[in-house]
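A.B. asks: here is the input, now give the coordinates:
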Amino acid sequence: MAKQSRGTFQKREKERARQQKQHDKAQRRLAAKARRADSALHSEGDDPARAGLCLGPHALPAQGGEATLPPEAPGRSRGIA
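C.D. replies: A predicted model of the protein is given here:
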């Protein structure tokens with residue numbers, strides 16, 4: 001009879017430890033999420049090297065200094081396929 005109660009007690013302790021670990025992990029996740037949100041607010045627009053950058057394809061300057069688009073491969077059109 002004593003063996004069964006010890007096993008039950010061990011199971012209970014194991015379950016408590018698992019729940020505590022889950023709780024601690026959830027707290028760490030919330031803290032990390034708050035840190036990321038806080039650092040994102042400070043980092044937006046702070047980098048002067050990124051100011052005025054335009055993403056996407058850009059026209060290549062031609063020999064004469066005019067901006068033109070690069071030639072397309074033969075047999076391909078720009079329309080939707």
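A.B. asks: can you show me the strands along the chain?
C.D. replies: Counting by DSSP state E, the chain has strands at residues 60-61, 67-68.
A.B. asks: rank those by pLDDT, which is bottom?
C.D. replies: Among the strands of the chain, strand 67-68 carries the lowest mean pLDDT, a mean of 54.
A.B. asks: ok, residue 39 - how many residues close by?
C.D. replies: 10 (other CB atoms under 10 Å). Heads up, the C-betas are built off the backbone N, CA and C, glycines and all.
A.B. asks: repeat for residue 13
C.D. replies: Neighbour count of residue 13, defined by other CB under 10 Å: 10.
A.B. asks: okay, it and residue 23: tell me how far apart.
C.D. replies: Applying CB to CB, to the nearest Å, the value for residue 13 to residue 23 is 16 Å.
A.B. asks: same check, this time on residue 15
C.D. replies: For residue 15, the distance to residue 23 - CB to CB - is 13 Å.
A.B. asks: got it, and residue 62?
C.D. replies: Distance of residue 62 to residue 23, computed by CB to CB: 64 Å.
A.B. asks: again, but for residue 12
C.D. replies: Separation of residue 12 from residue 23 (CB to CB) stands at 16 Å.
A.B. asks: what do you get for residue 33?
C.D. replies: Distance, residue 33 to residue 23, using CB to CB: 16 Å.
A.B. asks: over to residue 60?
C.D. replies: Residue 60 is 57 Å from residue 23, where distance means CB to CB.
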